[in-house]
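K.L.:
Predicted model follows, preceded by the sequence.
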Amino acid sequence: MSIINDDIRKYIGMETQPLVCCDPVERGAVRRFSQAIMDPDPIYMDEEYAARTRYGAPVAPPLFAAAMLRLEFGGPDLVHERAEDPDFDGAVGSSSLGLPPIPCNLAMLNGGTDVEIFQLPRHGEWVSVTSRYKDIYERETSKGPMLFVVYESDFKDESGELIMRFSKTQIRR
């Protein structure tokens, strides 16, 4: 029995418009993030030190851009708004990447994430993200068919240069 069909295949390649994160790369957020990951590298906070590096100014840690996907202050509580919807799966914001849900009512599992870092964003820079369904394919297993959904997100600085790309695989069975 096949899970994938034309209604699902049409999602491959579907892409969001660029979403600008609600805040720029902010010094206080960089400090809290670097403390949380226990990485006290002076390039994140020390302006004199960072000025002598190839970046020329303080930068954020490598995965910081992914943590910038959050609701703006005063924005709607998307979970609360859909609490009475029996079809709501809880995927909002960074978990759904802004893409429409695939019409497939199967349990979801995390299949892993691959990350490529191209550069580090500087303090004060605005970051945007564009996401797409990179691939959707099916595999037959001993437990039956499984659907693999591969999302790809590009994080870019305000000049359009790639900061980070991550691919997330979701398994549905």
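P.N.:
Thanks, I have the structure now.

K.L.:
where in this protein is pLDDT low?
P.N.:
The chain contains residues with pLDDT under 70 at 1, 87, 89-96.

K.L.:
Report how many residues lie close to D85.
P.N.:
The tally of other residues near D85 (other CB atoms under 10 Å) stands at 8. (C-beta placed from N, C-alpha, C; glycine too.)

K.L.:
Show the backbone phi and psi for it.
P.N.:
phi -80, psi 110 (degrees, to the nearest 10).

K.L.:
Next up, the contacts around it.
P.N.:
Contact partners of D85, counting by CB atoms under 8 Å, 6 or more residues apart in numbering, are absent.

K.L.:
Report the buried residues of stretch 5-23.
P.N.:
Within stretch 5-23, the residues that count as buried by 16 or more other CB atoms under 10 Å are I8, Y11, T16, C21.

K.L.:
contact partners of the lengthiest helix in the chain?
P.N.:
In the chain, taking DSSP state H as the definition, the longest helix is helix 27-36. Residues outside helix 27-36 that contact it (CB under 8 Å, 6+ apart) are D23, P40, D41, Y44, M45, P58, A60, P61, F64, A67, H123.

K.L.:
and that helix, how far out from the chain's middle?
P.N.:
With CA atoms, centre = their mean, to the nearest Å as the basis, helix 27-36 stands 19 Å off its chain's centre.

K.L.:
Provide the secondary structure category for P86.
P.N.:
Look at P86: counting by DSSP: H, G, I helix; E, B strand; the rest coil, its state is coil.

K.L.:
scratch that, V79 is what I was asking about
P.N.:
Three-state call for V79 (three-state DSSP): helix.

K.L.:
Quick check on L162: phi, psi?
P.N.:
Backbone torsions of L162, given as degrees, to the nearest 10, read phi -70, psi 130.

K.L.:
List the beta-bridge partners for it.
P.N.:
For L162, the beta-bridge assignment (DSSP bridges) gives partners K156.
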